[in-house]
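Colleague: Okay, here's the prediction I keep looking at, along with the sequence it came from:
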Amino acid sequence: MAGLMSLVLFFLQRNFPPSIKGLGEWAVSPLLLLGAALLSGMRNHLPPLVTVVIPFVLAVACVSAAYLGSQRFFGLTPPLRRWLALLPLSAAAAYWSTLVEPDFRVRAMLLTLLLGVIYALHARLVYRHGPRTFSTWLCLFTLLCAILIQVLRFAAAWDSPRDTNIFDPTSAHLVFLAPAAIVFQLLCISLILMASERLRLEFQHLATHDPLTSAFTRRHMDEVVEQELARCRRHGRAMSLLIMDLDHFKHVNDVHGHQVGDQVLVQFVARVKTLLRRPDQLGRFGGEEFLLLLPETSLEDSLQVAERIRAALEQSPGEPRCTLSIGVTTHRHDDDTLDTLLARADKALYRAKENGRNRVEFA
């Protein structure tokens, strides 16, 4: 099962977009567990250094890789040097308790202590940074079960004979092998679900946001304006719609190049978003034209918002300097549709262009 989970995660890493990070570490984690299990099962045929010490280190590396992968998944930079330093320390502890002073109790308690601490750090990370979704709660539940298993195993190791081993049928540690294996597979499943949820959110973002400016797409704006119109009809509320056009934008592209023009669009959207409320929605209408929906906003208030946006762009530092023409309209009648609102706002924008640009008009 560990090998299968590793294979699935490796395929996810190859096929998921590079913006979803941590899949490589997640794929390595069950592979390390597979290596630890295979070597431990060969203890009647190979020396203890290979069948005890190395699996001890691989087990620590396994849970560490899963934790480091989650750090990268949530956009954090894991301290690799610190975690790499943990491996030789683990190897030294396992070597001492296996070959120098053989004592199964010490070795088992050290391993469970290390695994329990790493699982606890992993659980805290998921709780603090994970979205409140099913996959996150499943991952958190699985990590808490893993911590509980390590605590119980630590307590069981306290009363174990020094010369026993983990596969001794009379040892209580054998009871923990199956639950620990099941919990780890469940952890891998929860990580796969978290990655799939992140992929779905990225696809949803791409479907609703302009890839250059991160403003909403025309399709999304059409949908939200229709929804807001329906809400206005039901509750008798007001809404405003603004069409904004950057003046002489073609001249910017011709003189400074399209890359500079793209930066102008990106900076414009970023600047406008700082002036908006949470319910307001800004979309790219096409080229250098943008659509702004202001829910529950009267004509007077929408004109003030438009003037504030126009003045902010006019006074912004840097080159190239751009000005903005804005057409404003509001919902007036129950039979208003998206097309009638766009037609009125476009008419107001055309009037702003005719009257010298860098101004606000309404219709």
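Modeller: The structure has been received and is ready for your questions.
Colleague: Let me see the mean pLDDT of the host helix or strand of residue 342.
Modeller: In this structure, residue 342 is located in helix 338-354 according to DSSP states H and E. Helix 338-354 comes out with an average pLDDT of 90.
Colleague: Against which helices or strands is whichever strand or helix holds residue 85 packed?
Modeller: Assigning secondary structure by DSSP H and E places residue 85 in helix 80-95. If you count contacts as 3 or more C-beta pairs under 8 Å, 6 or more residues apart in numbering; DSSP states H and E, helix 80-95 packs onto helix 54-73, helix 104-129. Where C-beta positions appear, they are placed from N, C-alpha and C, glycine not excepted.
Colleague: quick one: contacts of it?
Modeller: The set of residues external to helix 80-95 that reach it, using C-beta atoms under 8 Å, 6 or more residues apart in numbering, is 49, 52-53, 56-57, 60-61, 64, 68, 107, 110-111, 114.
Colleague: So which of those residues is the closest to residue 275?
Modeller: residue 68 (40.4 Å; C-beta to C-beta).
Colleague: and the closest residue to the closest one other than its chain neighbours, which of the three is it?
Modeller: Leaving aside its chain neighbours, residue 68 sits nearest to residue 78 (4.4 Å; criterion: C-beta to C-beta, 6 or more residues apart in numbering). Secondary structure, DSSP: H, G, I helix; E, B strand; the rest coil: residue 78 is coil.
Colleague: What residues does residue 78 make contact with?
Modeller: Here residue 78 is in contact with 67-68, 71-72 (C-beta under 8 Å, 6+ apart).
Colleague: Any chance of these in JSON lines with pLDDT as columns?
Modeller: Below are the contacts of residue 78 laid out as JSON lines (pLDDT from 0 to 100):
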{"residue": "67", "pLDDT": "96"}
{"residue": "68", "pLDDT": "95"}
{"residue": "71", "pLDDT": "96"}
{"residue": "72", "pLDDT": "94"}
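Colleague: Can I get the least confident helix or strand in the chain by mean pLDDT in PDB, CA atoms only?
Modeller: Within the chain, confidence by mean pLDDT, DSSP states H and E is lowest for helix 249-256 among all helices and strands, at a mean of 83. What follows is helix 249-256, C-alpha atoms only, in PDB (Å, rounded to 0.1, in the frame of the first residue of the first chain):
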ATOM      1  CA  PHE A 249      -3.800  53.000 -24.100                       C
ATOM      2  CA  LYS A 250      -2.800  52.000 -27.700                       C
ATOM      3  CA  HIS A 251      -0.300  54.900 -27.600                       C
ATOM      4  CA  VAL A 252       1.300  53.300 -24.400                       C
ATOM      5  CA  ASN A 253       1.700  50.000 -26.200                       C
ATOM      6  CA  ASP A 254       3.100  51.600 -29.400                       C
ATOM      7  CA  VAL A 255       5.700  53.800 -27.500                       C
ATOM      8  CA  HIS A 256       6.600  51.600 -24.500                       C
END
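Colleague: In that helix, which residues are buried?
Modeller: 249, 252-253 (16 or more other C-beta atoms under 10 Å).
Colleague: Just the pLDDT at residue 217, thanks.
Modeller: The model's pLDDT for residue 217 equals 91.
Colleague: How many neighbouring residues does it have?
Modeller: 17 (other C-beta atoms under 10 Å).
Colleague: and which of the buried residues of helix 249-256 is nearest to residue 301?
Modeller: Closest to residue 301, out of all of the buried residues of helix 249-256 and judged by C-beta to C-beta, is residue 249, at 27.5 Å.
Colleague: show me what contacts that closest one?
Modeller: Contacts of residue 249 by C-beta under 8 Å, 6+ apart are 261, 264, 287-288, 322.
Colleague: go with 6 Å
Modeller: Contact partners of residue 249, counting by C-beta atoms under 6 Å, 6 or more residues apart in numbering, are residue 288.
Colleague: do the same with the one 4 residues further on
Modeller: Remark: with contacts taken as C-beta under 6 Å, 6+ apart, residue 253 is in contact with residue 261.
Colleague: which residue ranges form the strands in this protein?
Modeller: 239-246, 281-286, 289-295, 324-330, 360-362 (DSSP state E).
Colleague: Just want the angle from the longest one to strand 324-330.
Modeller: For strand 239-246 and strand 324-330, the angle between their directions (axes from the mean of the first three to the mean of the last three C-alpha atoms, to 10 degrees) works out to 160 degrees.
Colleague: Give me the helices and strands touching the longest helix belonging to the chain, please.
Modeller: Longest helix in the chain, counting residues (DSSP state H): helix 174-208. Contact partners of helix 174-208 among helices and strands, from 3 or more C-beta pairs under 6 Å, 6 or more residues apart in numbering; DSSP states H and E: helix 134-158.
Colleague: what does the helix it packs on rub up against?
Modeller: Contacts of helix 134-158 (C-beta under 6 Å, 6+ apart): 105, 108-109, 112, 115-116, 119-120, 122-123, 126-127, 130, 172, 176, 179-180, 183, 186-187, 190, 193-194, 197.
Colleague: and the residue nearest to residue 349 when sequence neighbours are not counted, what does it touch?
Modeller: Among residues not flanking residue 349 along the chain, residue 327 sits closest, at 3.0 Å (C-beta to C-beta, 6+ apart). Contact partners of residue 327, counting by C-beta under 6 Å, 6+ apart, are 243, 345, 348-349, 361.
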